[in-house]
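Asks: Whatever this is, show me its structure:
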Amino acid sequence: MSGFVEKPEPLEVPGLVHLHTGKVRDLYRNESGDLVMVASDRISAYDWVLPTEIPDKGRVLTQLSLWWFDKLADLVPNHVISSDLPPGAPGDWAGRTLVCKSLDMVPVEAVARGYLTGSGLVEYEKHRTVCGLALPEGLVDGSELPAPIFTPATKAAVGEHDENVSYEEVARQVGAETAALLRRTTLDVYGRARDIARERGIVLADTKFEFGFDGGELIIADEVLTPDSSRFWPAETWEPGHAQPSYDKQYVRDWLTSPASGWDRASEQPPPPLPQEIVDATRAKYLEAYERLTGLSWA
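Replies: Sure, this is the predicted structure:
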């Protein structure tokens, strides 16, 4: 059992129809048929959406995505129509809301990896492959790969795991032409973002994108290159051979699996609320990632 510890009730906003409540985002449709995407301050870990929110998290994700969309615009168009607050929307939606094109979404997570860690490391240690792609001997946790690789995954529902799949499986699902376009675009975007992050002292270890089609044009959608969708490591402490410190929810994961939380991950019991010091430390990491990448002050 996993999912929401406490599933929120969607807000009723005049002119908007609620479509979906995700781990972080709430999705609505406006009277023009466009999507309205609202990034909440919810945080998830170990397939649970936790009962404690991280203040400003949704705004950080939204503003950082907008910054990246601008940096990537010559490589791939994005789904953003406007970041203005819809008429009648609550003031708390300001800075966390995007009005977006409604796309025909590609049913895969487009993942690019430049470094070995996470589920890729688990597969590598067993088979010397990641998503069926052969890799050389001698790599360890945190190793930079000889070249970035495209390692797609299936999209999972709330409370379930994304599952890594082979490129061949993606081609079977969406067609060879779309699969090739997806791989090429994913690696192009990753390469641009990796270089930008590197200039700012950050290692972009891996990241996932979502794409859809507007007519025959491939569009990048959802969030992009945030601490929720990417592994960012401080370049100054990067050292292969062990897990790296990261700009994400590591404080949350570490606390949940520590004796202090009293939570048994293997049980079917939901995780407990987060203590204030974990909330504050996690918020600070999200803000640090935003400020270090963009060069802008959050305050």
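Asks: average model confidence for stretch 82-96?
Replies: Here stretch 82-96 scores 95 as its mean pLDDT.
Asks: in that stretch, what's buried?
Replies: Taking 16 or more other Cβ atoms under 10 Å as the basis for neighbour counts, the residues of stretch 82-96 that come out buried are 83, 85-86, 89, 93, 96. Where C-beta positions appear, they are placed from N, C-alpha and C, glycine not excepted.
Asks: before we move on, what about stretch 62-76?
Replies: So stretch 62-76, judged by 16+ other Cβ under 10 Å, has buried residues 62-69, 71-72, 76.
Asks: One more: stretch 223-238?
Replies: Those buried within stretch 223-238 under the rule 16+ other Cβ under 10 Å are 223-234, 238.
Asks: how about those in TSV, adding distance to Tyr124?
Replies: Formatted as TSV, these follow (distance: Cβ to Cβ, whole Å):
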residue	distance to Tyr124
Glu223	27
Val224	26
Leu225	24
Thr226	26
Pro227	24
Asp228	24
Ser229	22
Ser230	20
Arg231	15
Phe232	21
Trp233	18
Pro234	23
Trp238	18
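Asks: returning to what we had before: so of the buried residues of stretch 62-76, which ones are in helices?
Replies: With helices defined by DSSP state H, the entries of these inside them are 62-69, 71-72.
Asks: Name the nearest residue to Ser40, sequence neighbours excluded.
Replies: On the basis of Cβ to Cβ, 6 or more residues apart in numbering, the spatially nearest residue to Ser40 that is not a chain neighbour turns out to be Gly58, at 5.0 Å.
Asks: just checking, the one you found is part of a helix?
Replies: Yes - Gly58: assigned to a helix according to DSSP: H, G, I helix; E, B strand; the rest coil.
Asks: residues near it, how many?
Replies: In terms of burial, Gly58 registers 26 neighbours under the definition other Cβ atoms under 10 Å.
Asks: re earlier: how about the buried residues of stretch 62-76, which pair is most distant?
Replies: When Cβ to Cβ is used, the two most widely separated members of the buried residues of stretch 62-76 are Gln63 and Val76, lying 19.6 Å apart.
Asks: For Glu217, give me its contacts.
Replies: Contacts here follow Cβ atoms under 8 Å, 6 or more residues apart in numbering; on that basis Glu217 touches Pro77.
Asks: Could I get the phi/psi values of it?
Replies: Glu217 has phi and psi values of phi -100, psi 130 when expressed as degrees, to the nearest 10.
Asks: now swap in Cys131 and tell me
Replies: Dihedral angles of Cys131 (phi, psi; degrees, to the nearest 10) stand at phi 50, psi 40.
Asks: ok, it touching Val165?
Replies: Yes - between Cys131 and Val165 there is a contact under Cβ atoms under 8 Å: 6.9 Å.
Asks: intersection of neighbour lists for the two?
Replies: Shared contacts of Cys131 and Val165, defined by Cβ under 8 Å, 6+ apart, are found at Pro152.
Asks: The two: who's more crowded?
Replies: Looking at Cys131 and Val165 with other Cβ under 10 Å, you find the greater number of neighbours at Cys131, namely 21 against 18.
Asks: How about the more buried one, nearest residue that isn't a chain neighbour?
Replies: Once its chain neighbours are removed from consideration, Cys131 has its nearest residue in Thr151; the separation is 4.1 Å (Cβ to Cβ, 6+ apart).
Asks: any idea how far that neighbour is from Leu135?
Replies: 11 Å (Cβ to Cβ, to the nearest Å).
Asks: now stretch 236-247, how far from the centre of its chain.
Replies: For stretch 236-247, the distance between its averaged C-alpha position and the chain's averaged C-alpha position is 19 Å (Cα atoms, centre = their mean, to the nearest Å).
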